[in-house]
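A.B. asks: Make a model of this:
(5 chains, ligands or ions: 31)
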Amino acid sequence: MTKRRHRYSEKNLGTSPGTVTYVGQEIEHATHIRRVEYNAETYRIDESGRLSACRLPADDTPFVTWVDVDGIHQSQVIEAIGDQYKLHPLLLEDVVNTHQKPKLEPYDDTTMFVTLKMLHYDDSLAEIDSEHVSLVLGKNFVVSFQEERTNDIFDPVLNRIKASAGKTRRNGADYLFYALLDVIVDHYFSVLERVGERLDILEDHIVQQQAGQPTLTMLYALKRELNFMRRVVWPVREMIGMMMREESVLIKATLQPYLRDLYDHVSQVIETLDSYRELIPGLMDLHLSTVSNRMNSVMKTLTIFSAIFMPLTFIVGVYGMNFEHMPELSWHYGYYTVWGIMGVVTVALVIYFKKRGWM
Amino acid sequence: MTKRRHRYSEKNLGTSPGTVTYVGQEIEHATHIRRVEYNAETYRIDESGRLSACRLPADDTPFVTWVDVDGIHQSQVIEAIGDQYKLHPLLLEDVVNTHQKPKLEPYDDTTMFVTLKMLHYDDSLAEIDSEHVSLVLGKNFVVSFQEERTNDIFDPVLNRIKASAGKTRRNGADYLFYALLDVIVDHYFSVLERVGERLDILEDHIVQQQAGQPTLTMLYALKRELNFMRRVVWPVREMIGMMMREESVLIKATLQPYLRDLYDHVSQVIETLDSYRELIPGLMDLHLSTVSNRMNSVMKTLTIFSAIFMPLTFIVGVYGMNFEHMPELSWHYGYYTVWGIMGVVTVALVIYFKKRGWM
Amino acid sequence: MTKRRHRYSEKNLGTSPGTVTYVGQEIEHATHIRRVEYNAETYRIDESGRLSACRLPADDTPFVTWVDVDGIHQSQVIEAIGDQYKLHPLLLEDVVNTHQKPKLEPYDDTTMFVTLKMLHYDDSLAEIDSEHVSLVLGKNFVVSFQEERTNDIFDPVLNRIKASAGKTRRNGADYLFYALLDVIVDHYFSVLERVGERLDILEDHIVQQQAGQPTLTMLYALKRELNFMRRVVWPVREMIGMMMREESVLIKATLQPYLRDLYDHVSQVIETLDSYRELIPGLMDLHLSTVSNRMNSVMKTLTIFSAIFMPLTFIVGVYGMNFEHMPELSWHYGYYTVWGIMGVVTVALVIYFKKRGWM
Amino acid sequence: MTKRRHRYSEKNLGTSPGTVTYVGQEIEHATHIRRVEYNAETYRIDESGRLSACRLPADDTPFVTWVDVDGIHQSQVIEAIGDQYKLHPLLLEDVVNTHQKPKLEPYDDTTMFVTLKMLHYDDSLAEIDSEHVSLVLGKNFVVSFQEERTNDIFDPVLNRIKASAGKTRRNGADYLFYALLDVIVDHYFSVLERVGERLDILEDHIVQQQAGQPTLTMLYALKRELNFMRRVVWPVREMIGMMMREESVLIKATLQPYLRDLYDHVSQVIETLDSYRELIPGLMDLHLSTVSNRMNSVMKTLTIFSAIFMPLTFIVGVYGMNFEHMPELSWHYGYYTVWGIMGVVTVALVIYFKKRGWM
Amino acid sequence: MTKRRHRYSEKNLGTSPGTVTYVGQEIEHATHIRRVEYNAETYRIDESGRLSACRLPADDTPFVTWVDVDGIHQSQVIEAIGDQYKLHPLLLEDVVNTHQKPKLEPYDDTTMFVTLKMLHYDDSLAEIDSEHVSLVLGKNFVVSFQEERTNDIFDPVLNRIKASAGKTRRNGADYLFYALLDVIVDHYFSVLERVGERLDILEDHIVQQQAGQPTLTMLYALKRELNFMRRVVWPVREMIGMMMREESVLIKATLQPYLRDLYDHVSQVIETLDSYRELIPGLMDLHLSTVSNRMNSVMKTLTIFSAIFMPLTFIVGVYGMNFEHMPELSWHYGYYTVWGIMGVVTVALVIYFKKRGWM
Ligand SMILES: [Mg+2]
Ligand SMILES: [Mg+2]
Ligand SMILES: [Mg+2]
Ligand SMILES: [Mg+2]
Ligand SMILES: [Mg+2]
Ligand SMILES: [Mg+2]
Ligand SMILES: [Mg+2]
Ligand SMILES: [Mg+2]
Ligand SMILES: [Mg+2]
Ligand SMILES: [Mg+2]
Ligand SMILES: [Mg+2]
Ligand SMILES: [Mg+2]
Ligand SMILES: [Mg+2]
Ligand SMILES: [Mg+2]
Ligand SMILES: [Mg+2]
Ligand SMILES: [Mg+2]
Ligand SMILES: [Mg+2]
Ligand SMILES: [Mg+2]
Ligand SMILES: [Mg+2]
Ligand SMILES: [Mg+2]
Ligand SMILES: [Mg+2]
Ligand SMILES: [Mg+2]
Ligand SMILES: [Mg+2]
Ligand SMILES: [Mg+2]
Ligand SMILES: [Mg+2]
Ligand SMILES: [Mg+2]
Ligand SMILES: [Mg+2]
Ligand SMILES: [Mg+2]
Ligand SMILES: [Mg+2]
Ligand SMILES: [Mg+2]
Ligand SMILES: [Mg+2]
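C.D. replies: Ligands and ions are numbered 1, 2, ... in the order given. Sure thing, here's the model as predicted:
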């Protein structure tokens, strides 16, 4: 439950707009940079990690260039790349601010900027872990910025480039840009799968009336995660819609069916999310009703015990009195008569409670 | 409650877009293919099931051709058909993905693609079973893809083609396309009918105060089914609206009143669905209030018993004490006096509780 | 609670679109047809009931013709009228389907079709009874179709035609069309009046804390009725809005202020409906809080009785023990001392409970 | 709680549209009419009350004319004024129908009609009292119709006209029209102030846990009042927005900033209203939680008393038995031993309940 | 809880529109005025506080002029400034009305007026304190009006002007206008941070089941604060959107990316606000469920005690009766037999309750 704390730094209050300050968890490793150049015939990869790998490709190069920056916590690296590619200071500010929400921003006609969240499901914490990702699309290059995590989500794309001269290799920078977005959206489905499994377990607990306070606390936490995911995925749909309508020279007509497909997939993510979210109030109601029914049953048990034994205890109390003149006490069958009366009272009460449906 | 699990396959993570992989329940039978050709004068049906039945009709054929593919789990069959009709890989991906939500997509001016869900009500499971259906409309042909089920929903359309040279036979491929959609929408009403009957039964249980936890669990399950149906039917309306506005050469002007009628029927399905959905919170409240009232009645019973017998038991306890000096014990009418006092106390309490409206 | 059942007939599954099949309650009487012809100078009424009364008026007749069809359950009659006035089969299907929701549909430029619900409040069932009404406006005629009920809602319009050469007589078919809609909308106010009275009664019960389970069941039923009415009235407003914007030759400019007035009245109906609907959750909450308060009061009574008598009963129990060596038993004032102690305990507990505000 | 009853009169069912029938509370006094004529130099007031005061001003008069009609229950007076100013029968119907909701309607280019509600807070009933007000703006005149109340809301405007040649005197009929609307909207703030004070009191009761059923009933009544006020104020905003966009010759460009200001004030009224309305569910929840906590505390008290005294009473019961052979009875310290045991039991239970946090 | 009271002054009822009357908390200090003039080369500051510091800058001055008015409670000062800068009386009315909601209003093409709220979090009251701020943008000047608080929120902007010839100094009046808005929006994040910390604490209390009535009261108060903040921030987004679309000569094209960034930040504030607001009902439900579970546990304890001791007390009561003929009393092992029976009864009940899961 520590997720929400320390979201906004007091230090940033009143600084000049466009100041590149990393906002996020503290990280120690150095930023890792990888440059990939490819076309239908060949490809080459520079993993030297030196800043020189970031140089702007020549305007007439026959290659598509992909610069992947893994780690956004070193301002000087980000600023150096910004210099090379002539990126606006406000764009760089968004690259390093991990609290920035997803958005698409065209800068002039030569650059398209997108920032969004990559999601992983963290099983140990039962939480969705989000990674801040930014993509810059130019005429013949893509620069991708990501936080540092153990698994790199862009590996499948790199593998396809290495594997064969397939769709990615035969197409331009815009297809690469799309392919990176596609792999991010594919991961949303995988996160949903895990969340859905968890929700199934909680649902089963509640439906089978085995839920206690921990189940409810987990349900509440799940709702928070779903709300978080919704806020992070919702703007992505709008973003892709804008890319489809935007008449940018950077995006070729052949990409349209792919963008439409991507739009469709994000819609499906949002819809599934919403279907999960709308289950939760119903589950809560179901649980409350279970608790009420249990309470009812407890109270009935108590009432039946009380209603049967209180009259009996009263009767035996009567004949425990010490009056000198109590004729019944000397009757020969007095004791047995009292047992008989008590039997009749008990039977009558049992019949009464059966009739009311309490037993 | 196993419906939601295993919706998205981990295998698909990061595969290249447009890969034709069946996503759905495992099925063993082979795909069945039927080719129907007809015009106002005659018709012929090829049920051989060979792939040759899928060949593209000549551009100037005087027939309307309907290829009905029953079973979408064999990728190679789907890909072969895709080759014949020049269908986009992303279209084929949607045909075999049973989790794909309903949508309409025009591909160029020569193909209109629609995918949606056919619904059946499964009485044994008290669940709505959905079947993934896709329709491709060309100049003079329709290709329909469906999952395999025991009943074929398109039989009534086939029967009308066989029966006489009616509206279907006298019109073009667009009317056939419409007729297939119409029969799917007609089935939605039939599913709603069954859901409505079930809701009536649950409502009667709750209104007559006979509902226990199973009723509520069923109500919750029904709400889930209604939410599922809503998500599946809602985009169909939008889809038909798009067909009406779309100025496609594939759809003739004479179809407009029929599309408007179809739109109207889907609207009616959605409205009825919503009227069912909005009953559920009211029923839940009614039930909770019943439980509260019952609890109140249990507590009153307990309180009345306790309030009457506790004073009486105290009184008889007093005269059960063994003090040497207790004058009342030796009174001649002491015992009867105590009975008298207890009678007065009982009557007073009964009057008190009657006045408060508890008895 | 039988209203919702059997809404959609299984027979209709997969029939050809445009089949004229009556869907509604079973009715035995024959359809009754009345033809009224009038202008500012004169009027004549044909109540013979023969189909000949339905003939299409000549294009240059100086009269406005109103054909009122009372009863829509005989398909052959409806089809015969459809033939005369050249009505589309889908239009006729809507005329005889009592589950059809309200809508306006222009057919070509020569016919305007409207279908909506007439509402009556049925006091004996405490339910809103709906009657399916359809109106067809042509150049110089109106055809009205209605279900059969004991009271005919169009009587006031007929009476105004008979009474004097007022607005209705001096205007064309469009004014008649409006006047019929106006009388239907006027009845909505009257239904609301009855519903409002019922809601007042339930509200008074709940506010005065006299409500039990029957009150809540009635409140739930009322909510269902209001939801039903809302679904039936809501599209009427949109429908009249369309008539105002529609530039049809069938509707003259002088009708505009009247349509605007009608629109305004339907808006008022919807608004009042909504104001009633939004009272219901508040009433439910108020009732639940009453029940909770009552329960609290019951529990306090029980606790006070228990807390006072359990210590006293314990004390008298102590001196009912039979130990040989119990010094207090032989004290001369032992018995009175015990009474004194019990008095002190009682007073202390009473003070305690008064302080906590429970007495 | 009698406010809602008898809203729509059965008499009006099916009457011809445009019939001028007063719908509202019964009133006995005669209608009072006042004519004010002014310009920057001078003003004159005719309070004779005769119908002649209503005559239409000449087209070229140098004065602005304001006819204020106080009382709308005498149809013949309203119809006479309608004749003078050539007002449409449907307009007059709205003037005398106190249930008419607020709206703006332009009639031709020469008349602008506005009807809305003046609100007063009635302290004795703790209710908002609404007064039906209608304003007609012509080229150089304003006619205002209002219900009769003890205070006249338009007095401040009249006083400004009498006081000096200020903004009102120097501007035309459109400014007068605006000034009358402004004074009505100003009163909305004053009503809100009173409602806010009441809500504060109820909130304090609930937060300080002193609320009982009367507080909740008042909260419910307040919610009804706020809903009523919202329905009455909401359309006023839209109305003023229409006046701003409407390109009418009746409204001069210099009025625009004033209308924008008025629009802004109505928005502020609506927003404050909504902020009040959204407090209510939270207060209800807070109260329910208070009741639950109290109940919990009552139940704990009962359980502690029972759990302590039931074992003790059992123990003393054991030694109240009359068996001939009970060795403990003849022990010399038997009686004291029992007291010791009971002390231990009591202390153990007290420790147990303290540990569970119940004491 | 005194925040809402006395919001609207009765004095203002019916005053002429455009009257400059301060509406807000009473303040005693005099208004403080500061004039800053700067360009890329130099700057000068006049803190004399005399009204002369407010004079309108010449049209051709090479400086940007910023007049900062600290304190809006002295009408004569505000009116004097209004005279200098030719501000509309309605604009001045909004400057001094601290209840005015945020808005942007262009006056002619030469003046842009903005009013909004500066927010501070007041730790001692656990409340958001709002300060009414208004900004006027002219061709080469900005006039800012603010309430008087101990901290001046515009200090960082002044410091940047003094510090170096940075972005603020090199740009025009429009950039200053933006920079003032930016610093206000930055403070919103800081308020949210504090609110989020508070919400975390309340959430932890509830999740760890330590919440009592004070936690709920604080949760309710927090919801009120969030609602208040939402009403105050929401219109700011719309306002900045208008500034972006507005084609005003006062705002240069180079400001667009900055405005877009500001828009984005306000969106982020609103989104975070909404994410906080939607947590609250879930927390309330979680708490109610905790209370129910606790109650259940209390009731089970009571029932177990009662169900065990009531039969035992009855049994010992039986052998406390004084009948002359009770054979068991003279049995040699009678007393031990009774203990045995009571042991069996107790064990049986314990097993029964363990089976039901109550122990
Ligand atoms: Mg998070
Ligand atoms: Mg900053
Ligand atoms: Mg992160
Ligand atoms: Mg990474
Ligand atoms: Mg994908
Ligand atoms: Mg796809
Ligand atoms: Mg609730
Ligand atoms: Mg499903
Ligand atoms: Mg993929
Ligand atoms: Mg399926
Ligand atoms: Mg099938
Ligand atoms: Mg159909
Ligand atoms: Mg139809
Ligand atoms: Mg059909
Ligand atoms: Mg009916
Ligand atoms: Mg009828
Ligand atoms: Mg009417
Ligand atoms: Mg109904
Ligand atoms: Mg009217
Ligand atoms: Mg009428
Ligand atoms: Mg009134
Ligand atoms: Mg008046
Ligand atoms: Mg005003
Ligand atoms: Mg009212
Ligand atoms: Mg203002
Ligand atoms: Mg405040
Ligand atoms: Mg004023
Ligand atoms: Mg303030
Ligand atoms: Mg200040
Ligand atoms: Mg900023
Ligand atoms: Mg930014």
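A.B. asks: switch to C-alpha atoms for all contacts and neighbour counts from now on
C.D. replies: Fine.
A.B. asks: Spell out, range by range, the strands that occur in the stretch 251-359 of chain A.
C.D. replies: Secondary structure of the stretch 251-359 of chain A (DSSP state E, counting those that start in this stretch): no strands located.
A.B. asks: Check the stretch 1-150 of chain A too.
C.D. replies: Taking DSSP E, counting those that start in this stretch as the test, the strands found in the stretch 1-150 of chain A are A:32-38, A:43-46, A:64-70, A:103-107, A:111-122, A:127-137, A:141-146.
A.B. asks: Mind checking the ones you listed for the one nearest to ligand 21?
C.D. replies: Comparison of the strands of the stretch 1-150 of chain A against ligand 21 by CA to the ion identifies strand A:103-107 as nearest, at 51.9 Å.
A.B. asks: taking the mean pLDDT, what do you get for that closest one?
C.D. replies: Per-residue pLDDT over strand A:103-107 has a mean of 91.
A.B. asks: on that earlier part again, point out the one among the strands of the stretch 1-150 of chain A that comes closest to residue C:42.
C.D. replies: Nearest to residue C:42 among the strands of the stretch 1-150 of chain A is strand A:103-107 (71.8 Å), distances taken as CA to CA.
A.B. asks: The closest one close to chain E?
C.D. replies: No - against chain E, strand A:103-107 shows no contacts by CA under 8 Å from any CA of the partner chain, the least distance being 8.8 Å.
A.B. asks: Not counting its own residues, what contacts that strand?
C.D. replies: Where contact means CA atoms under 8 Å, 6 or more residues apart in numbering or on different chains, the residues beyond strand A:103-107 that reach it are A:112, A:113, A:114, A:115, A:116, A:235, A:236, A:239, A:242.
A.B. asks: Sort out which residues of it are buried, please.
C.D. replies: Residues A:103, A:104, A:105 are the ones in strand A:103-107 that count as buried (16 or more other CA atoms under 10 Å in any protein chain shown).
A.B. asks: do stretch A:162-178 as well
C.D. replies: Using 16+ other CA under 10 Å as the test for burial, stretch A:162-178 gives A:162, A:165, A:167-169, A:171-178.
A.B. asks: Check stretch A:135-150 too.
C.D. replies: Judged by neighbour count using 16+ other CA under 10 Å, the buried positions of stretch A:135-150 are A:135-148.
A.B. asks: for stretch A:27-41, same thing?
C.D. replies: A:31, A:32, A:33, A:34, A:35, A:36, A:37, A:38, A:39, A:40.
A.B. asks: now stretch A:270-282
C.D. replies: With burial defined by 16+ other CA under 10 Å, the residues of stretch A:270-282 counted as buried are A:270, A:272, A:273, A:276, A:277, A:279, A:280, A:282.
A.B. asks: quick one: that stretch near chain B?
C.D. replies: Yes - with CA under 8 Å from any CA as the criterion, chain B is reached by stretch A:270-282 at A:271, A:275, A:279, A:282.
A.B. asks: Farthest pair within those residues?
C.D. replies: A:271 and A:282 (17.7 Å).
A.B. asks: Show me how chain A divides into domains.
C.D. replies: A:3-289, A:319-355 (automatic domain parsing).
A.B. asks: Reformat these as JSON lines; add distance to ligand 28.
C.D. replies: Below are the domains of chain A laid out as JSON lines (distance: least, CA to the ion, whole Å):
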{"stretch": "domain A:3-289", "distance to ligand 28": "21"}
{"stretch": "domain A:319-355", "distance to ligand 28": "64"}
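A.B. asks: ok, and which of these has the densest surroundings?
C.D. replies: Most buried of these, by mean neighbour count (mean count of other CA atoms under 10 Å in any protein chain shown): domain A:3-289, with a mean of 18.
A.B. asks: That one and ligand 9 in contact?
C.D. replies: No - Domain A:3-289 lies out of reach of ligand 9 by CA under 5 Å from the ion, never closer than 6.2 Å.
A.B. asks: What distance do you get for the residue in the stretch 51-200 of chain A positioned nearest to ligand 9 to residue A:180?
C.D. replies: As assessed by CA to the ion, ligand 9 sits closest to residue A:186 within the stretch 51-200 of chain A, at 6.2 Å. Remark: distance between residue A:186 and residue A:180 (CA to CA, to the nearest Å) = 10 Å.
A.B. asks: same deal with residue A:328?
C.D. replies: Distance, residue A:328 to residue A:180, by CA to CA: 97 Å.
A.B. asks: What lies in contact with stretch A:49-63?
C.D. replies: Residues outside stretch A:49-63 that contact it (CA under 8 Å, 6+ apart) are A:32-35, A:37-39, A:46, A:65, A:67, A:77, A:81, A:84-85, A:140-141.
A.B. asks: Apply 7 Å and report the result again.
C.D. replies: Outside stretch A:49-63, the residues that touch it by CA atoms under 7 Å, 6 or more residues apart in numbering or on different chains are A:32, A:33, A:34, A:35, A:37, A:38, A:39, A:46, A:67, A:81, A:84, A:85.
A.B. asks: Switch these over to TSV; also include pLDDT.
C.D. replies: Compiled in TSV, the contacts of stretch A:49-63 are given as follows (pLDDT from 0 to 100):
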residue	pLDDT
A:32	88
A:33	91
A:34	93
A:35	95
A:37	95
A:38	95
A:39	93
A:46	92
A:67	95
A:81	93
A:84	91
A:85	93
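A.B. asks: Which of the residues you listed sits closest to ligand 2?
C.D. replies: residue A:81 (21.9 Å).
A.B. asks: Contact partners for the closest one?
C.D. replies: When contacts are counted by CA under 7 Å, 6+ apart, residue A:81 touches residue A:54.
A.B. asks: Show me what the helix or strand encompassing residue A:226 is packed up against.
C.D. replies: Applying DSSP states H and E as the criterion places residue A:226 in helix A:213-245. Here helix A:213-245 touches strand A:103-107, helix A:256-277, helix E:279-318, going by 3 or more CA pairs under 7 Å, 6 or more residues apart in numbering or on different chains; DSSP states H and E.
A.B. asks: Grab the nearest non-local neighbour of residue A:265.
C.D. replies: Spatial nearest neighbour of residue A:265, excluding adjacent residues (CA to CA, 6 or more residues apart in numbering or on different chains): residue A:185 at 7.5 Å.
A.B. asks: where's the one you found relative to residue A:268, distance?
C.D. replies: Using CA to CA, residue A:185 is found at 10 Å from residue A:268.
A.B. asks: One more: residue A:302?
C.D. replies: 52 Å.
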